[in-house]
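Novice: Give the three-dimensional model of this entry:
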Amino acid sequence: MSATNYDLVIIGSGPAGQKAAFCAAKLGRRVALVERNSGVGGGCIHTGTIPSKAMREAVLHLTGLRERALYGDAYTVKEDITMADLLYRTQHVVRNEVDIIRAHMKSNGVKVVWGDAAFLDPHTVRVIRNEDQIDLRGDNVLVAVGTEPARPANVPFAPGRIIDSNELLRLKDLPRSLVIVGGGVIGVEYACMLAAVGVTITLVESRPNLLEFVDDEIAEMLQFRMRDMGIRLRLGESVAEITVDGTGIEATLASNKKINAAMMLYTIGRQGATDKLNLPAAGLSADSRGRLKVNDFHQTEVPHIYAAGDVIGFPALAATSMEQGRLAACHMFHRIAEPVSPLYPLGIYTIPEISMVGQTEQALTAAGLPYEIGLARFRETARGQLIGDLFGCLKLLFHPESRRLLGVHAIGTGATELIHIGQAVMAAGMPIDYFVESVFNYPTLAECYKVAALNGVNRLRAPRVEAEAVERIAKAA
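Specialist: A predicted model of the protein is given here:
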């Protein structure tokens with residue numbers, strides 16, 4: 001069978017694959033993109049980022065959680081919320097996102113080939129769908145297959161009883177109770193969502209705290225809110241044994257505690273989706289978690305084969321994956337592009353949501369770097385009162401001498417949007433004084449930056465602050 005030739009063959013249509021395809025197409029290259037599922041978008045659109053965030057928005061709307069600080073804890077939009085209610089919004093958003101991506105593929109002249117891909121040799125990929133197959137030859141190849149939930153052999157997965165995060169989105173009914181094993185991002189996000197609609201949640205995490213990469217103070221605030229929602233946290237615990245019967249599951253912890261529930265959601269780890277790619281034929285090998293190793297330009301050990309997105313591991317974010325795909329395409333076609341900036345934001349869509357950029361208190365302490373803190377609570381702003389978020393806060397970490405921002409952390413309504421102001425100021429290398437001297441729209445949550453900056457500056461030694469103020473006034477005169 002003769003192969004069809006392309007300048008670039010991409011395996012996977014998630015964020016990395018999409019952006020690489022569009023970038024290469026705009027450079028006038030011939031691009032083929034292989035997708036094994038029935039719709040473009042990869043796990044980001046179909047099983048991960050978009051459906052879970054759409055579900056969260058449905059939860060917040062239907063439960064009336066956003067309004068309860070104003071109208072009381074009994075306020076709700078819908079009394080009996082079902083899985084169909086939650087998935088209605090998810091399916092609507094996913095359909096629209098798929099249509100948008102397909103339209104972009106068409107307008108950019110990207111050939112989409114449906115089926116399972118596997119290497120025949122370093123330049124040739126065979127795509128099989130049902131009884132049909134086609135061979136694609138690429139001068140360059142990008143592996144952007146993403147990841148799948150880890151399914152260890154010692155966990156007795158069973159439909160409707162012990163499930164992974166992909167299967168959660170296919171449930172017909174909400175369970176009355178759920179044990180979540182794994183306190184990472186996926187585990188805590190679904191714990192918050194499902195607890196909000198009345199599911200009894202027990203979350204088991206082997207580490208002493210949730211989300212250890214998050215600033216300790218922010219993580220503690222989240223844990224307080226989760227407990228306040230009725231979520232039982234079993235921290236520093238691990239599951240030793242799982243049994244399944246006709247009515248549910250029983251999890252026995254290493255400490256001999258027993259937890260009974262209707263269902264278990266297993267969310268420990270993800271695996272690169274490379275097992276069916278026949279990597280040895282291309283001269284490639286994956287690590288024990290199915291991930292590929294790349295250099296700064298996303299080349300694998302085979303120079304014309306690149307990899308980007310979750311399949312290369314940390315940070316495994318949709319936003320960084322997009323930039324990785326673009327950078328890979330620029331490099332393979334000899335266009336200058338800067339590597340992905342290390343100053344990227346993290347967003348965690350718990351209830352309340354969390355976002356951060358830069359260093360945490362614990363990281364600065366471990367590195368022996370001095371810092372000061374500026375804190376603003378949403379309730380201190382008119383906007384916080386208007387939206388009824390009396391819990392959220394913004395936290396600035398800055399160097400006491402240079403006063404440059406070292407880290408920005410937020411928890412509460414709109415935290416993932418609010419963080420970008422701090423990200424821009426950090427990237428520009430500007431001091432915390434920028435916020436003190438700036439005017440923000442009123443009333444907005446952005447005012448928290450001014451409140452937090454003033455709070456931080458007030459912690460510094462007064463004589464220096466006064467001297468600098470006098471100097472600035474003199475210069476302005």
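Novice: which stretches of the stretch 351-477 of the chain have low pLDDT?
Specialist: Within the stretch 351-477 of the chain, the stretches with pLDDT under 70 are 461-477.
Novice: Show me where it has its helices.
Specialist: 361-367, 382-387, 415-427, 433-436, 447-457, 462-476 (DSSP state H, counting those that start in this stretch).
Novice: From the ones you listed, pick the one with the highest average neighbour count.
Specialist: Ranked by mean neighbour count, these are led by helix 447-457 with a mean of 23 (mean count of other C-beta atoms under 10 Å). C-beta: built from backbone N, CA, C; applies to glycine.
Novice: Output that helix as CSV - backbone C-alpha positions only.
Specialist: Output of helix 447-457 as CSV, limited to C-alpha atoms (Å, rounded to 0.1, in the frame of the first residue of the first chain):
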residue,chain,number,x,y,z
GLU,A,447,-9.4,45.9,43.5
CYS,A,448,-8.1,43.1,45.7
TYR,A,449,-4.7,43.7,44.2
LYS,A,450,-4.6,47.2,45.6
VAL,A,451,-5.9,46.1,49.0
ALA,A,452,-3.4,43.2,49.1
ALA,A,453,-0.5,45.5,48.0
LEU,A,454,-1.3,48.1,50.7
ASN,A,455,-1.6,45.3,53.3
GLY,A,456,1.8,44.1,52.2
VAL,A,457,3.5,47.5,52.1
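Novice: least trustworthy helix or strand in the protein by mean pLDDT?
Specialist: Lowest on mean pLDDT, DSSP states H and E among the helices and strands of the chain sits helix 462-476, with a mean of 55.
Novice: which regions of the protein lie under the pLDDT threshold?
Specialist: 1, 461-477.
Novice: run the last query once more with 90
Specialist: 1-3, 37-38, 66-74, 76, 78-79, 130-131, 245-247, 336-342, 461-477 (pLDDT under 90).
Novice: most centrally placed residue in it?
Specialist: Leu317 (5.1 Å; C-alpha atoms, centre = their mean).
Novice: Let me know whether that residue touches Ser355 as I believe.
Specialist: No: look at Leu317 against Ser355 with C-beta atoms under 8 Å: they stay out of range, at 11.8 Å.
Novice: if I look at those two, which residues touch both of them?
Specialist: By C-beta atoms under 8 Å, 6 or more residues apart in numbering, Leu317 and Ser355 have these common neighbours: Leu346.
Novice: Any chance of the helices of the stretch 351-477 of the chain in TSV with distance to Trp114 as columns?
Specialist: Shown next, in TSV, are these (distance: least, C-beta to C-beta, whole Å):
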stretch	distance to Trp114
helix 361-367	44
helix 382-387	44
helix 415-427	33
helix 433-436	50
helix 447-457	47
helix 462-476	62
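Novice: Could you report the neighbour count for Asn140?
Specialist: By the measure other C-beta atoms under 10 Å, the count of residues near Asn140 is 24.
Novice: tell me which residues in the strand or helix carrying it are buried?
Specialist: Using DSSP states H and E, Asn140 maps to strand 132-143. For strand 132-143, burial by neighbour count (16 or more other C-beta atoms under 10 Å) applies to 134, 136-138, 140-143.
Novice: for the longest helix belonging to the chain, the distance to its chain's centre please.
Specialist: Scanning the chain for the longest helix, with DSSP state H as the assignment, gives helix 83-107. Relative to its chain's centre, helix 83-107 lies at 19 Å (C-alpha atoms, centre = their mean, to the nearest Å).
Novice: what number of residues lie near Thr49?
Specialist: So Thr49, with other C-beta under 10 Å, has 20 neighbours.
Novice: dump the residue contacts of it.
Specialist: So Thr49 contacts Ala318 (C-beta under 8 Å, 6+ apart).
Novice: distance of Tyr60 from Asp164?
Specialist: Let me fix one detail, which is that residue 60 is Leu and not Tyr. Leu60 sits 24 Å away from Asp164, going by C-beta to C-beta, to the nearest Å.
Novice: can you check Gly236 too?
Specialist: 24 Å.
Novice: Looking at those two, which one has more neighbours?
Specialist: Asp164 (19 against 13).
Novice: Excluding covalently adjacent residues, which one is nearest to that one?
Specialist: Using C-beta to C-beta, 6 or more residues apart in numbering and skipping the chain neighbours, the partner closest in space to Asp164 is Pro149 (3.7 Å).
Novice: sec struct for the closest residue in space to Thr252 that isn't next to it in sequence, please.
Specialist: Sequence neighbours aside, Glu241 is the residue nearest to Thr252 in space, at 4.2 Å (criterion: C-beta to C-beta, 6+ apart). Three-state call for Glu241 (DSSP: H, G, I helix; E, B strand; the rest coil): strand.
Novice: what's the neighbour count on Glu241?
Specialist: Look at Glu241: counted by other C-beta under 10 Å, it has 11 neighbours.
Novice: Ala84 now?
Specialist: By other C-beta under 10 Å, 12 other residues sit near Ala84.
Novice: Next, the residue lying closest to it once chain neighbours are set aside: secondary structure please.
Specialist: In space, Ala84 comes closest to Lys172 once its chain neighbours are excluded; the distance is 7.8 Å by C-beta to C-beta, 6+ apart. Assigned with three-state DSSP, Lys172 falls in the coil class.
Novice: Give me the secondary structure label for Asn260.
Specialist: Classified using three-state DSSP, Asn260 is strand.
Novice: tally of neighbours for it?
Specialist: By the measure other C-beta under 10 Å, the count of residues near Asn260 is 14.
Novice: where's it relative to Leu253, distance?
Specialist: As for Asn260, its distance to Leu253 is 12 Å (criterion: C-beta to C-beta).
Novice: Also Leu317?
Specialist: 32 Å.
Novice: And for Asp7?
Specialist: Distance from Asp7 to Leu253, by C-beta to C-beta: 54 Å.
Novice: Likewise for Arg30?
Specialist: As defined by C-beta to C-beta, Arg30 lies at a distance of 56 Å from Leu253.
Novice: isn't His409 right up against Phe213?
Specialist: No: His409 lies out of contact with Phe213 (C-beta under 8 Å); the separation is 11.6 Å.
Novice: Can you pull the residues that touch both of the two?
Specialist: Thr360.
Novice: dump the residue contacts of the residue lying closest to Arg270 once chain neighbours are set aside.
Specialist: Distances taken as C-beta to C-beta, 6+ apart put Thr147 closest to Arg270, at 4.0 Å, once the chain neighbours are dropped. Applying C-beta under 8 Å, 6+ apart to Thr147 gives the contacts 43, 270-273, 290, 310-311, 316.
Novice: now the residues you listed in JSON lines, with neighbour count?
Specialist: Listed next are the contacts of Thr147 as JSON lines, based on neighbours: other C-beta atoms under 10 Å:
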{"residue": "Gly43", "neighbour count": "26"}
{"residue": "Arg270", "neighbour count": "23"}
{"residue": "Gln271", "neighbour count": "18"}
{"residue": "Gly272", "neighbour count": "24"}
{"residue": "Ala273", "neighbour count": "22"}
{"residue": "Gly290", "neighbour count": "20"}
{"residue": "Asp310", "neighbour count": "30"}
{"residue": "Val311", "neighbour count": "28"}
{"residue": "Ala316", "neighbour count": "16"}
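Novice: tell me which of the residues you listed is nearest to Pro303?
Specialist: Nearest to Pro303 out of the contacts of Thr147 is Val311 (C-beta to C-beta; 17.8 Å).
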